[in-house]
Structures are given as C-alpha cells and as structure tokens.
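> using only what follows, build the 3D model:
(chains A and B)
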Amino acid sequence: MVEENIRVVRCGGSELNFRRAVFSADSKYIFCVSGDFVKVYSTATEECVHILHGHRNLVTGIQLNPNNHLQLYSCSLDGTIKLWDYIDGILIKTFIVGCKLHSLFTVAQAEDSVFVTVNKEKPDIFQLVSVKLPKSSSQEVEAKELSIVLDYINQSPKCIAFGNEGVYVAAVRDFYLSVYFFKKKTTSRFTLSSSRNKKHAKNNFTCVACHPKEDCIASGHMDGKIRLWRNFYDEKKYTYTCLHWHHDMVMDLAFSVTGSSLLSGGRESVLVEWRDAMEKNKEFLPRLGATIEHISVSPAGDLFCTSHSDNKIMIIHRNLEASAVIQGLVKDRSIFTGLMIDPRTKALVLNGKPGHLQFYSLQSDKQLYNLDIMQQEYINDYGLIQIELTKAAFGCFGNWLATVEQRQEKETELELQMKLWMYSKKTQGFILNTKIHMPHEDCITALCFCNAEKSEQPTLVTASKDGYFKVWILTDDSDIYKKAVGWTCDFVGSYHKYQATNCCFSEDGSLLAVSFEEIVTIWDSETWELKCTFCQRAGKIRHLCFGRLTCSKYLLGATENGILSCWNLLSCALEWSAKLNVRVMEPDPNSENIAAISQSSVGSDLFVFKPSEPRPLYIQKGISREEVQWGVFVPRDVPESFTSAAYQWLNRSQFYFLTKSQSLLTFSTKSPEEKLTPTSKQLLAEESLPTTPFYFILGKHRQQQDEKLNETLENELVQLPLTENIPAISELLHTPAHVLPSAVFLCSMFVNSLLLSKETKSAEEMPKDVDMEEEKESENSDEENDFTGRIQDTNNTDLGEDVIHQLSKSEEKELRKFRKIDYSWIAAL
Amino acid sequence: MGEFKVHRVRFFNYVPSAIRCVAYNNQSNRLAVSRTDGTVEIYNLSANYFQEKFFPGHESRATEALCWAEGQRLFSAGLNGEIIEYDLQALNIKYAMDAFGGPIWSMAASPSGSQLLVGCEDGSVKLFQITPDKIQFERNFDRQKSRILSLSWRPSGTHIAAGSIDYISVFDVKSGSTVHKMIVDRQYMGVSKRKCIVWGVAFLSDGTVISVDSAGKVQFWDSATGTLVKSHLIANADVQSIAVANQEDSFVVGTAEGTVFHFQLVPVTSNSGEKQWVRTKPFQHHTHDVRTVAHSPTSLISGGTDTHLVIRPLMEKVEVKNYDAALRKITFPHRRLISCSRKRQLLLFQFAHHLELWRLGSTVATGTVEAMCLLAVSADGNWLAASGTSAGVHVYNVKQLKLHCTVPAYNFPVTAMAVAPNTNNLVIAYSDQQVFEYSIPDKHYTDWSRTVQKHGFHHLWLQRDTPITHISFHPKRPMHILLHDAYMFCIIDKSLPLPNDKTLFYNPFPPTNESDVVQRRTAHAFKISKIYKPLLFMDLLDERTLVAVERPLDDIIAQLPPPIKKKKFGT
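Predicted coordinates for the structure are as follows:
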C-alpha cells in the first residue's frame, strides 16, 4: 500500500452549493454536486450515504432520470454524461459527448434525449443543445447526435427552465427572455428596457422558473423584482405581473410541485413563499444565515431545499420549517485566524460564517459545528465595515480558546475585544468565560497559549502593534455566590516601544519569545525577565517558532526580507540562516520537523527541515500556482510507514494548506477517492431506509441475529480489512450481537467512543501496553477520564523517546497479532 | 429675437378640483369627466385628448355618478338627489329631475341605453325610462337596508348587481326582486374592520360579478350560485373604482393608495381553452385616491383626488407606436384662465366662481377684457373671428355686422386664435398642434402658412401634449408670432427658414455666446423657451416686457388633503 510517490491532492471542502441540489423521487435522498463527485445525502439524517465518483472534472449538472426515478444523470466538464444507480452507488453507463458540458436538463417527454449547455468559440456564448442518448448495452457509448435548441444563452442553469411538460423552454440573458416552443419550432423574445437611467438600470434577468401546470414563466431580476410572464405565445399580447419584496438581486426561483406557490431567495437570506402568485399573500422563512444561491423542490412536494453561499444545504419542510442542515467547509470569506486543529475533536478550525469559528472534520468532509464568537446579528450590506474575527488560539489541550475580534472604521477608531472560552464537559462545547474590552491600544498581532504540560496555571500572551505584549493568567474569580475563574493581566512587557509582531512559547513553557519588528526578545516565563535579544537587521520578523523535542534549543525566525534564521538558545548565537521568502512556517507537533512554504513568482514551494541542520529533509517545488496563505500539521490517527527518508516527515502528521482561492490541499500517496471515504463505505444503505447507527443496532442486526447464529466468527473477521482505519464504533456495530459482551460493557464503550472518538480510535491502534489499559478499563468503566489522560501521556512519552519513530515490519506484524488477540478475546466473552 | 423683461407671476392661486367620475363613450371616443365642484368636462380623445366642452359647476350640484346613455346623451347624479341631463350642443343643463330617494350614490345606464338605474341613500334602486327629451320614472326594485354605492348591469340586461355596505345584491330586472345577497368579508389583514363598503361592482356576461371594497379586496363571485370564486387582496387601503373593457378580457381597479391595477383574462395553457383572471401590471401615476377609472379599448383612464386625469395607453392594443401611445397626464384646463390688459397692465384671473383683477407695476385702474371663449377681435375693430365647439371658424365684419368668410374646415378643434394687428391675418392653433395663418382681407391662407403646411412641422413640435392656449403679436415686429402651451413659450419668426427633422429643434434660448455664424446657420423660425412651467399664460405687456403666469404643481399639491401614508422601503 505504501506507494512512494507524494502528490498534492485536493481534500474535501468542495462546494456543495455549485448547482441546485436534486431530490430523489421519494424525498429520502438529496443529491448535490461536489467538485468531481456527486454526493448522496439522506434527507432525514443529513448523513452522506454515497459519493458517486467517476467524473474526471468538475460535475456541472445532475438530474433524475425521468424514465426511471432510481437513476441519476450527471454531466461534467470532462465531456461525459453518466447514468448512476444512486441506491447502490454504481455507475451504469457513460455517454461520451466530447465537449465541455456546463449544465444538464431532462424532460420526461423527450424520452431518449437530454439537454445540455455547451459553449462554442467565444468564452461567454453558450448554446442549449439536445443530446440523443443512443440505446446500447455497452458501458461506454458515444453520444454525438447534437442539435441546437437555443443560441446565445447564459451559462448558469438557473437561467434556463423547461415548462409545462416540455412544451417550451425559457432562457434569460441580460435584458431579454427567449421562449422556444418545441412543437412550433419558434422562438419568442421579450426585451426589458435597459436604459441607463436609474429606474431601469437593474432590470437584468438573473434566473427563471416555469410553472409546472400553467403557461407561466417566473423571472428574477437584479433589482429584486420577480416577473410572472403570461400569454407569451404572442409577442405583442404578452403580459407580466410584478412581485417585489427582495431589495437585492433575486438569486433563485422555484415553483412548488403543484404550482400553487413560488419560492424565491436572495442575499437577504430569507426564503419567501408567494402563495397563489399574489403580492399580499406571502410567507417568510428568515435568518437562514447566508445568501440563498439555489432553491429546489422535491418531486414528492414535501420538502424544499436551499443552497447557501456558506456551502450549506438546508432541507426545509413544506410548512417552512428547517429540518436538516448539510454543512460543508465555509469558504466565502477571507481567513484571518489561520488553520488550527482542535485538540479534542482533531477538527480543523478556521473562520466560518461571519462572526463564527467553524469546526470542520477533515475525515468526513463536513462541518462539525459552528461556534458563535461575535454573538451579534450579521447585517449584510455593501460597504458596511464588519467586526472581523481576527485571531484565535487553543490552549491547555483544548480546554481554553482565545479569540480576538476587531472593527476599524477609521484610523483612530479601533474596536477590539478579546474573549476567552472554556470547554465545558457538560455541554460538550465552549462557554464564554472572560470578555476583555480593548486588551491593547492597537491591533493584536499574535496570540499564544503556554501549552507546556507541567504548567499549573494557564497562561496566554498577546502581542500588539501598540508596542506591548501582555501576559494573561487564569485566576480565581469566586465570590460569595459561586466559584468561578477568570482571566486577568499579569504582566505587560515592551522593548523600546517597537511594535510587538509575534510571540511564541517554547515547548516546555519556560521561555517566551516575542519579536519586536526586527528584534527577537527572549523572556523567562517564571519571572518575566528579559533574558536576551537577537537581532539580525534583516527586516521585520514575520514568523517565529521554537524547535521541538530534540531541537528545542533552537529558535527560528523568518523575516519579511526573505531571510530564515535559526538561533541557538544555549549559545545565544546565530546557528544558520538561509535566503528563503517564507510565507507559511508551521512546526509539526509530533516531531522536530518544520514546514516552510516560500512564495515566488511562479508558485509556492514547500521545504521541510529540522532546525538542527540547515539542509532540508524534503523539497517539493510548485505545490500550488497561487499564494499559499495558511498551513497546518494534523496528527495522524494511524501513523503511516513511509520508509523512504524523504517522506518520513509525513509518518506522524499530515500537512494541510490553504491557498488564496481557498482550496484546501494536502499531500497524499493515495488517490483522492480513497482518502475521502474512510467510513461511509461501511454504512451502505442496503434498503431505502435512512442509515443510522441505531438502524444497524435495532433493525438489520435483529433480523440477522437468527440467520447468522451458526456462522463462524472467523468469517466475520476475515471480511474486515485489517489495515484500514476503522473506528471503534463501526467495529462494534459490525460484530454480530451474539458475540458481543454484556450490555453494561457495551454501553460504556459505545458512549465513550461517541464522546471521545479519537482516543478510542487510537486505543484500537495502540501498541500492546495501551491494549492492556483498555482491559483494565473494561473492568472498571468509571475510570474513563483518567484513561484518556493516560493515553495522552503514553502517546507523548512514546514520541519523546523515539522521535523518528518508525514501525519495522516485525513490529507491524506484532501489532496485527495483537489485534487478532483482541477480537478473539471479545469472542471468548 | 431680442430680450424681454419678464413679470414672473406666481400668485394665481388656482387649484383644480378633484376628479370624481369619468365616463367613456365608445361611439364618439369622448370622455366625460366630472369634478367635485360639479364641473363636467368633455375630452375628445381623437383630437389629441383636447378638452373641447366644459360645463361650469356648482358645489350644490356635486356629482357622484356620471354616465352616457342612448348614444350621446350625458347624465349625472349627485348627493342633492337630482338626475341632470346635459345639453351637449348648447352647453347648458337640459333639465334636473329629483329621484326622491335621497342622495344618489350610483347610476348605470342599461346595455341598450334605453334605461337608467340609480342607487339612492335610502337603499332603493330606481329604474327610469329614457324618453327622447326627458326621463321617466318606471319602478323601484326591492329596497335594501343601506345605501346603494355601486350598480352594474349584466350585459344581457337581465340582472343587476348592486354594491351596498357589507353585501352585494343581485336583482332580477324583470321581477325587480333580489336573487342573491352576497356577504362581503369584513376581515382586513386579520383585523375585523367596522364595515366593508363595496365601492364598485362589475357584472360580466358570463355571470361573474367582480366587486371592489374598502378592505382592499377584488373579489370574483358567481352570480348564479351567489358564492365567492376568488379573492385578490391587492391593497392595504380601499379599492374605490372598477371599470371593465367591452371585450371583458381586462379590467382596471383604482385604490386609495393611488395605484391602478390592471387585471387580464389570460389562458391557463396554450392548448386548453381555460382562462383565468390575473393581476398584471400596477400603475402608480397618482399620489392620492383614485376615485374613478375607465377602460377605453386602447387605454386605461383614471382620475382622483390629486386632480390629474391620467390616460395610460395599453401597449399591446396600440397598432403603431407613435406619440399618441404615450402616457398623458392632464392637469390644467385647455383654455385660457388669464387675460391681460396691455395698456393698463392688468391681469384678470378666472376662478370657478369668481374673478380676480390684479395690477402689475404702478398703472391705474380698469381695462377691457378679451372674450373668454374662442373669439378674436382685430386690433382695428373691423373683424371678429369666432369658433364654436365644432371645428369651423367664422370671420365677421363688425362694421357691417355680417359674415365675411369661413376658414376652410379642419378636423380638429381650435385651441387658440388671434388676429394680427397690422395685416389682419388670423392665426389659428388646432389641437393636433398645427398652426395656420389666414388672411382675412384676402380670404385665403397666407403664403407662409402654405409653406409651413408643405414643409410640415418638426416632429418634436407635434409631439407636445398640451394645446396652445394663447397667441399674441409683437407690436413692433410684424414677422413675429408669440404663442405658448403649458410647458413652453415660443416665438415664431416668419422671416427665418423652417426647421426640418434633422435640425436641433430646442436650441438654447436666450442665445448663448456662440459665434454669429454658427447661430445664423442653426437659427430657424421657432424660438422656444421652456424656462417657465407649468405656464398658464404669457403675453407682451409692452415692447420690452413679458408677463408669465405660472402655477407650480407643488403649490397645488400643498393645498390637497394629505395622501395615505405608505411605508417606503429604506426610509
């Protein structure tokens, strides 16, 4: 499995809101395009049931097969139309068209053809063509029989709609609406006034929808108006009704299945339902969080679905109640906080919705939750200067979270607020503990916790442009009413009134390095005494970090002038320096390795090195064409075993980075498909019931209990791939009930694995001594929390002993053996 | 052209009365408009929407209903309980007849035009027979509990819908008895209002009754079963008026918010014959209540408290898209309300019920007043030109007291005329914006007039939408004709070349400091100034002084009652 070839791969976070989502005929599934894949979600559980992969480029359109509602058509920029069986996630057929396809439409009446948009010659001119799909039994069929329906149309599929059982098709572009009648083969064109005066300046069409029963076309406009066109067979006698509620562009329109109501949405983040197409009869679903990009309606008529600009799909009941949210990585804003890893959930943490931090699971490619930092209603308006969440940091193994928000309207009017959040075990979330107004007089440039294990008191350091760095400590804030803790300022340091630009604690927490423009100062964290200064006179310090583990005596600094320097803290001398324009510098928490990404005119290059030697371990040129803005090391759940010296840095951690256009990339040897489906393959929905863990426990396995009584345990075990990363929970659920231990034991393990998934997972994979721990734990399940702590300890000490830890073949074998022992032990019970 | 000193007069405190009723006559393409002061005006829609007839009113005769019957006969009814017929030839009231039912709120002529129906305060509906020279009471219908505010005949003439307070009654004409009583919902946006007034009803030939009411609803009822078919809530305020097109494929309603909504009957799908009523376009041309609407084959006509008469053409019904297809907003009467004495420097203002005489500068009392109707006297007193409401212009010799000649007949009504002092040329302006010069001594059009007709007027001149209301002459410059409408003042210099469609028509006036050569090249006969608007009157006081009377619209609006307050987005 170890393929010694590393490449940069896109890892999830792709747009779910690129096209309208499509419901299955029974409303149990919802399909959405996501990069090169089509994802199938359950509408009831929000769980991703299947990922349909096969396209080699962006998927641009999906539609149910009108003649078989258990099949799905998809089209892609790779020039193919694929037909899928979505229940089993199987590709049935591929039709090769040959040119880039930009959107897909199906009409029940046109039995053997579908409609796609293609562009010819000029980049902005698109054509709607019908493609005849030849009947053939082979897997790959050429479909070259194209005929043009409409020319000079808009690229977006929102601008094309088929109406009234495929009798006509309506397309909008700029200021006109074209309607093509298939029977008569004529096109009518209706143009709105486009004069520059104020009244008609924003008459542009933005989207179109057709009434399912009547001859009525609804069009959305830039100025927020919706026009309902009727009598459009006659270019003279046509008439329209105006509905006006939106104050900004109408982003999408959809009629309900019966046509009795029209749904519209836009930047206001409010779903408007117009009943009977009357202006006075409308219902609202407000506060949806972000701009509504697409609206779709289930064929059964019971559900609506809105796609939002924050990469979210909301499933909404007919009575306008939101029932489910499918949230991907929020990408529509600039990232200030950088990439962080939540030590508890191992989730990627970064700016999300305005005023929120998002916790994004890299494993399952979905957002775990949103933490509302600002706790203010977001007002969406052009030119409004918003409060921005600029900095965030986790401390004390995820027990504390510090956030900084700022708003600067003018040079002199700075609003600054620092918030400290405590993790509450009871609510399993962060609770606001301390709010500090104006912690500094000027912008905060850096924020770091002292993450040393031995430190008894949580400590936070903030550095600011006002020339000071402040040390904040947690103190007792109890009064007669309650016991409480709070943060107060403990020490204020400065150095010749220079702006403090970076701060960083050493690994053991004994030293604090603060950079003041070009100068690095080292402070003793016990007494807050200035120990020494380093000055290279090579420009302002942009990044600062201490070495780790065996290299903890080194301090690294990267300057704006493209110099990377390494100082020895024992000799207080410059160890080495190199000319490198460092954009991102990230230390690996599990090894001494430090990754630096440099920026040049042609692209970004990655350098991995140890502070102890100036020669890099690994260089990869041209990891991205654009600027890389942030990077982070994510500890692996299961260490990889790359034997080649160049790739050993990837054994313990995985490196993720984010480019300017906000694509999240990583290094991998595996194909992206393998990467993305760690667990979902296990959760195949064999029946059309929604797949939940409880379904597996209660439904399927109850039936199977009797059937499988006689089956041997070995059979079951052989089916499980040993090397694959299987979380404890699915192991548990896939073991037949009769071989499982008692319910008392099961319950604690089950809950345990749900709450602290990482620890339990690693418990599975840990070497011998950890298994012993688990054994102990099984005897006394009350020790849960201690157990977690111990694992952490073992893990760390393990790494401490052997830094370039690498499993030899024999060790691996031993590990596998232990796993088998583990299973037989369960069977024995 | 020379420069003038201008008396800019803004103290003419004229406020037109609110429009109460409009009635459109399809046969003659004329529109009758009645105002709250009892004035009735007749507009000729074929003659460039010119106001050709005018019946001065009186507050005691305030009209509530106006209708055409028996072809060209015009009737009105009002709160004084009388039905009035107007004599359209003699321009006076033919007779007034008391209906003996208290104040009359509504009136409708039967589809055949031979019967007249009035709805009274006491809840009675009275049927009158129209005889050739009078009307005759025929009978009463079943008396209702409250006043009858609206009436409509079924086009077949068999049934009548009458809107009252909280309900609509359907009568059978033969028996005179109530067939159905349809109760209107009082609920208004979930809140129960005290009463729901049915401001208007319309009976369609298929038996559908459309009602508009004070709760802002337009409702469709089935008169055969007496049930509600469909309800459109269109306004937060009263819907006060309704008018249906003759083809019954569209109707128009007016609301108290000043909005006019157009409803159209459109097919549900192209291949099925099923049709439905759809609210299509709203028009917001009024600031105040739209008290009345009318539906001509090609346009929607509305009027209300803000005193404007708005004629909105229906683009889909217009054959050629020329300037006739543009929106018309008529605010000021198409006649001169001001006269001026040159010698005495006096201004005479004509109001509905009184006259005001104002002195300009520091000259002394009394003066002669020119005729208020279309009469023009020559300066030497020899000739008198007179124009009736029909288009012909007759010239009389005053000395001999006999008809001198008749100006050749023209299809459009005369809007203004005057006799030039030295040449005795009669200058006539017609409602289609044509201007003719007729030599009285020679009894034919002058050469200049013939040249103009051959050459044709500039298209921008013909596109003006208010008629010329006054013509005068410069005493020292015989080649000049001074004329004006509500939006421009023009001096025609007969010595300069005429403009063709390519030349810049509205050139800067007074001339800018361009070089003389350029000026001479671009100069043409029409010198136009649009500085003063709306211009009610402009004349020469002496060689160097002009007097201009303006009536800014804002001043009129300031004297109207406040409109219904509407929330405007973003305020």
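
> centre of the chain to stretch A:314-334, how far?
Centroid separation for stretch A:314-334 versus its chain: 14 Å, with C-alpha atoms, centre = their mean, to the nearest Å.

> right, I mislabeled it, should have said stretch B:246-261
18 Å.

> and the gap between the residue of the stretch 351-500 of chain A found nearest chain B and A:G265?
Closest to chain B within the stretch 351-500 of chain A is A:D381: 11.2 Å, counting by C-beta to the nearest C-beta. To be clear about C-beta, it is placed using only N, CA and C from the backbone, and glycine gets the same treatment. Distance of A:D381 to A:G265, given as C-beta to C-beta, to the nearest Å: 17 Å.

> for those two, indicate the residue with more neighbours.
A:G265 (28 against 9; other C-beta atoms under 10 Å in any protein chain shown).

> wait, isn't A:I313 in contact with A:R19?
No. Checked against C-beta atoms under 8 Å, the pair A:I313 and A:R19 is beyond contact range at 11.2 Å.

> intersection of neighbour lists for the two?
A:C32 (C-beta atoms under 8 Å, 6 or more residues apart in numbering or on different chains).

> what mean pLDDT does the strand or helix carrying B:M538 get?
Assigning secondary structure by DSSP states H and E places B:M538 in strand B:535-542. Throughout strand B:535-542, pLDDT has a mean value of 86.

> parallel or antiparallel, which strands does that strand pair with?
strand B:545-550 (antiparallel) (DSSP bridges).

> for the helix or strand following the strand it pairs with, buried residues please.
Next helix or strand after strand B:545-550 toward the C-terminus (DSSP H and E): helix B:553-558. Residues B:I556 are the ones in helix B:553-558 that count as buried (16 or more other C-beta atoms under 10 Å in any protein chain shown).

> contacts for helix B:553-558?
B:10, B:14-16, B:287, B:306-307, B:331, B:534.

> same question for stretch B:454-461.
Contacts of stretch B:454-461 (C-beta under 8 Å, 6+ apart): B:433-435, B:498-501, B:503, B:505-506, B:526.

> with stretch A:37-47 instead?
A:14, A:16, A:23, A:27-33, A:48-53, A:55, A:59, A:62, A:72, A:74, A:84, A:86, A:89, A:303, A:313, A:315, A:323-326, A:676, A:683, A:685, A:690-692.

> may I have the strand holding B:M538 exported as CSV, CA atoms only?
Taking Å, rounded to 0.1, in the frame of the first residue of the first chain, the C-alpha atoms of strand B:535-542 are listed here in CSV:
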residue,chain,number,x,y,z
LEU,B,535,-47.1,78.1,-17.8
LEU,B,536,-50.8,79.1,-17.7
PHE,B,537,-50.4,82.5,-19.5
MET,B,538,-47.8,84.6,-21.3
ASP,B,539,-48.2,87.8,-23.1
LEU,B,540,-46.4,91.0,-24.0
LEU,B,541,-47.1,94.0,-21.8
ASP,B,542,-45.1,96.3,-24.0
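
> that strand: which residues count as buried?
Within strand B:535-542, judged by 16+ other C-beta under 10 Å, the buried ones are B:535-541.

> ok now that strand, how far from the chain's centre?
24 Å.

> tell me if B:W105 really is in a helix.
No. Assessed with DSSP: H, G, I helix; E, B strand; the rest coil, B:W105 is strand; it does not lie in a helix.

> ok, it touching B:A162?
No. Contact between B:W105 and B:A162 fails when scored by C-beta under 8 Å: they sit 10.2 Å apart.

> give me the more crowded residue out of those two.
B:A162 (27 against 22).

> now the helix or strand that one falls within: mean pLDDT?
According to DSSP H and E, B:A162 maps onto strand B:159-163. Strand B:159-163 comes out with an average pLDDT of 95.

> dump the following helix or strand past that strand to CSV, restricted to CA.
Downstream of strand B:159-163, the first helix or strand assigned by DSSP H and E is strand B:167-172. Taking Å, rounded to 0.1, in the frame of the first residue of the first chain, the C-alpha atoms of strand B:167-172 are listed here in CSV:
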residue,chain,number,x,y,z
TYR,B,167,-73.0,42.9,0.9
ILE,B,168,-73.8,42.8,-2.8
SER,B,169,-77.3,42.2,-4.1
VAL,B,170,-78.2,40.6,-7.4
PHE,B,171,-81.6,41.7,-8.8
ASP,B,172,-83.6,40.2,-11.5
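
> can you list the strands that strand B:167-172 pairs with?
Using DSSP bridges, strand B:167-172 pairs in its sheet with strand B:159-163 (antiparallel), strand B:178-183 (antiparallel).

> tell me the most buried of these?
Mean neighbour counts were taken over the strands paired with strand B:167-172 using mean count of other C-beta atoms under 10 Å in any protein chain shown, and the top value, a mean of 26, falls to strand B:159-163.

> give me the neighbour count for B:H7.
Around B:H7 there are 18 residues (other C-beta under 10 Å).

> show me what it bridges to in the sheet.
Applying DSSP bridges, one finds that B:H7 bridges with B:V547.

> per-domain residue ranges of chain A.
A:157-297, A:536-671 (the TED database).

> so for B:F4, which of those domains sits nearest?
Closest to B:F4 of those, according to C-beta to C-beta: domain A:157-297, at 34.7 Å.

> which element is A:V141 on?
Going by DSSP H and E, A:V141 is in strand A:140-142.

> alpha carbons of the strand holding B:A162, in PDB - could you do that?
Extracted C-alpha coordinates of strand B:159-163, given in PDB (Å, rounded to 0.1, in the frame of the first residue of the first chain):
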ATOM      1  CA  HIS B 159     -79.700  41.100 -14.000                       C
ATOM      2  CA  ILE B 160     -78.200  43.900 -11.900                       C
ATOM      3  CA  ALA B 161     -75.500  43.800  -9.300                       C
ATOM      4  CA  ALA B 162     -75.700  46.400  -6.600                       C
ATOM      5  CA  GLY B 163     -73.000  47.000  -4.100                       C
END
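
> circling back to that earlier point, just give me the closest of the contacts of helix B:553-558 to chain A.
Distances from chain A to those, taken by C-beta to the nearest C-beta, are shortest for B:T287, at 17.6 Å.
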